[in-house]
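>>> next one to model:
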Amino acid sequence: MVMARALLHLKSTSGFALACASQESQYRVQLPDKSRSARVLVLGGTGRVGGSTATALSKLCPDLQIIIAGRNREKGASMVATLGGRSEFAEVNIDNVKSLEAALRGREMHCSGSCHTYQGEKKTAYIDVCDDTTYACRAKSFKTRAVAANIPAITTAGIYPGVSNVMAAELVRASRSESKGEPERLRFYYYTAGSGGAGPTILATSFLLLGEEVVAYNKGETIKLKPYSGMLNIDFGKGIGKRDVYLLNLPEVRSAHEVLGVPTVSARFGTAPFFWNWAMEAMTSLLPAEFLRDRSKVQELVQLFDPVVRSVDKVAGERVSMRVDLECSDGRNTVGIFSHRRLSVSVGAATAAFAIAVLEGSTQPGVWFPEEPEGIAIEAREILLKRAAQGTINFVMNKPSWMVETDPKELGLGIYV
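From the prediction side, this is the model:
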């Protein structure tokens, strides 16, 4: 019933390189001898996103030392036991700067979600997995400091936003190299069954988004729209099918408009079972926006809904899908689709893919959105997407919609729309 999006960032001080090996090896990463002692700190490593990321990192890069950071020692010990190898636990409260600095000491990389990472003496690389427009822009404001400190950083670098942004960038790049027209319209569509197993934190995030006016772009002009309105029935293709999606205020809309130069951009989200969509619509219509922006009141709603959501999750599962559509001025329309059976697994693979890209040295000093020019934010987008797409039930890029939809319409003579 909720947008299963989250926070994560990643730090690196030593600028080492990682080399690709083969399957389970096809996407596994092998550290060179001189970097065998590389260490990564995952803040929130006992949670759904942090734990999933740590697990994915340990599989992709077995030589990496992973430090699980959190407030709960018991959960930390359990996670360390699960990971095995060179993992360990560090007790950290991100609201306590001193405990964070102590945990960062001697680490090559760290994962969490706070902008103060660029301050102080640590000078470590940063990955931020956030879904908040204001937060993402605030992280971006640290670009000058990051360049001065020779620190590479990526904000909104998870599954969505993150992988979805890279998919959009690749569609735009292909259109400009293969088409005579210019990209005119970019649309992000997301679907998650239930809460994706994400828990009360993401439930609260979803409710808070219902209190935000939706920012979208139409032919270069900024437009403001009602949240959870503008329903469309979108075909997410194999394994997902057609789903209703609704407008929400998501950071990739602004970043894609500004970075990729596409004049018309919007984003929609939907969930299952269908009655959760109705509930979200009703909340938006019946509750004042001021109420939905009040964190204390939203927490009360979370306490009310969380037991029900968890019960329904057992039936709904946690399938996730992203569809990115690009329309060009010459009539070229292309689509990218990414679908997975388990959000909790795919978000880890996606975030780990960004982490490894930074560790490989493919990110330039500064703070970047994932869709910024290839070689600045991400050197090899295709490799990142392949790593992130491990385990997907459907992953296609740069195809016409009729080739990926479950029920394309034939006009005749083999022509589809």
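>>> helices of the stretch 51-200 of the chain, residue ranges please.
73-83, 97-104, 133-140, 143-148, 163-178, 200-209 (DSSP state H, counting those that start in this stretch).
>>> could I get the third one in PDB with only the CA atoms?
As requested, C-alpha coordinates have been extracted for helix 133-140 and formatted as PDB (Å, rounded to 0.1, in the frame of the first residue of the first chain):
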ATOM      1  CA  THR A 133      12.800  16.300  -3.300                       C
ATOM      2  CA  THR A 134      13.800  18.900  -0.700                       C
ATOM      3  CA  TYR A 135      16.400  16.500   0.800                       C
ATOM      4  CA  ALA A 136      17.800  15.600  -2.600                       C
ATOM      5  CA  CYS A 137      18.200  19.300  -3.500                       C
ATOM      6  CA  ARG A 138      19.900  20.000  -0.100                       C
ATOM      7  CA  ALA A 139      22.400  17.200  -0.700                       C
ATOM      8  CA  LYS A 140      23.100  18.700  -4.100                       C
END
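>>> so what secondary structure elements neighbour it?
Counting contacts by 3 or more Cβ pairs under 8 Å, 6 or more residues apart in numbering; DSSP states H and E, helix 133-140 is packed against strand 126-128, strand 152-155, helix 251-260. Backbone N, C-alpha and C define where each C-beta goes, glycine included.
>>> closest one to residue 211 among these?
Each of these has some distance to residue 211 by Cβ to Cβ; the shortest is helix 251-260, at 15.9 Å.
>>> kindly calculate the angle that the helix or strand just after that closest one makes with helix 163-178.
Once the chain leaves helix 251-260, the next helix or strand it forms, by DSSP states H and E, is strand 264-272. Counting by axes from the mean of the first three to the mean of the last three Cα atoms, to 10 degrees, strand 264-272 lies at 140 degrees to helix 163-178.
>>> which residues sit against strand 264-272?
By Cβ atoms under 8 Å, 6 or more residues apart in numbering, the residues outside strand 264-272 that reach it are 1-3, 184-194, 216-220, 230, 232, 234, 243-248, 250, 252-253, 256-257, 277, 280, 316.
>>> can you select the buried ones from these in PyMOL?
In PyMOL, this line selects whichever of those come out buried by 16 or more other Cβ atoms under 10 Å:
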select buried, resi 1+2+3+184+185+186+187+188+189+190+191+192+193+194+216+217+234+243+244+245+246+247+248+250+252+253+256+257+277+280+316
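>>> thinking again about what came up before, please convert the helices and strands packed on helix 133-140 to a markdown table, extending it with distance to residue 58.
Below are these laid out as a markdown table (distance: least, Cβ to Cβ, whole Å):
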| stretch | distance to residue 58 |
| --- | --- |
| strand 126-128 | 17 |
| strand 152-155 | 21 |
| helix 251-260 | 28 |
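>>> in a markdown table: the ones you listed, plus mean pLDDT.
As requested, the helices and strands packed on helix 133-140 are exported to a markdown table (pLDDT from 0 to 100):
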| stretch | mean pLDDT |
| --- | --- |
| strand 126-128 | 83 |
| strand 152-155 | 90 |
| helix 251-260 | 95 |
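>>> the ones you listed: which one's closest to residue 380?
Nearest of the helices and strands packed on helix 133-140 (Cβ to Cβ): strand 152-155, 14.1 Å.
>>> pull the distance from the closest one to the chain's centre.
Relative to its parent chain, strand 152-155 has a centroid offset of 13 Å by Cα atoms, centre = their mean, to the nearest Å.
>>> does anything pack onto that strand? Which helices or strands?
Contact analysis of strand 152-155 by 3+ Cβ pairs under 8 Å, 6+ apart lists strand 126-128, helix 133-140, helix 343-359, strand 366-368 as its packing neighbours.
>>> just these: most buried one?
strand 126-128 (a mean of 30; mean count of other Cβ atoms under 10 Å).
>>> point out where the stretch 101-250 of the chain drops to low pLDDT.
105-122, 197-199 (pLDDT under 70).
>>> where's residue 327, which helix or strand?
Judged by DSSP H and E, residue 327 forms part of strand 320-328.
>>> what's the nearest residue to residue 319 if we skip its chain neighbours?
Using Cβ to Cβ, 6 or more residues apart in numbering and skipping residues adjacent in sequence, the residue nearest residue 319 is residue 193, 4.5 Å away.
>>> which residues touch that neighbour?
Residues near residue 193 by Cβ under 8 Å, 6+ apart: 271-272, 316-320.
>>> what's the burial count for residue 261?
By other Cβ atoms under 10 Å, 12 other residues sit near residue 261.
>>> and it, how close does it get to residue 371?
11 Å (Cβ to Cβ, to the nearest Å).
>>> what is the end-to-end distance of stretch 196-215?
End-to-end span of stretch 196-215 (Cα to Cα, to the nearest Å): 25 Å.
>>> could you chop this structure up by domain?
19-158+344-388, 163-343+394-403 (automatic domain parsing).
>>> just want the angle from the longest helix that the chain contains to strand 264-272.
In the chain, assigned by DSSP state H, the helix with the most residues is helix 295-316. With the same axes, to 10 degrees defining the directions, helix 295-316 sits at 60 degrees from strand 264-272.
>>> residue 224 contacts residue 214, correct?
Yes - using Cβ atoms under 8 Å, residue 224 and residue 214 qualify as a contacting pair, with a distance of 6.8 Å.
>>> of the two, who's got more company?
Using other Cβ under 10 Å as the criterion, residue 224 and residue 214 rank with residue 214 on top: 22 against 9.
>>> what sits against the closest residue to the more buried one other than its chain neighbours?
Closest residue to residue 214 apart from its sequence neighbours, by Cβ to Cβ, 6+ apart: residue 225 at 4.2 Å. Residues near residue 225 by Cβ under 8 Å, 6+ apart: 213-216, 247.
>>> show me what residue 270 is bridged to.
With DSSP bridges applied, residue 270 shows beta-bridge pairing to residue 191.
>>> now do the host helix or strand of residue 395: distance to the chain's middle.
Element membership of residue 395 [criterion: DSSP H and E] is strand 394-399. Distance of strand 394-399 from the chain centroid (Cα atoms, centre = their mean) equals 18 Å.
>>> parallel or antiparallel, which strands does that strand pair with?
strand 333-340 (antiparallel).
>>> how close does residue 190 sit to residue 397?
Counting by Cβ to Cβ - residue 190 and residue 397 are separated by 17 Å.
>>> same deal with residue 265?
Counting by Cβ to Cβ, the separation of residue 265 from residue 397 is 19 Å.
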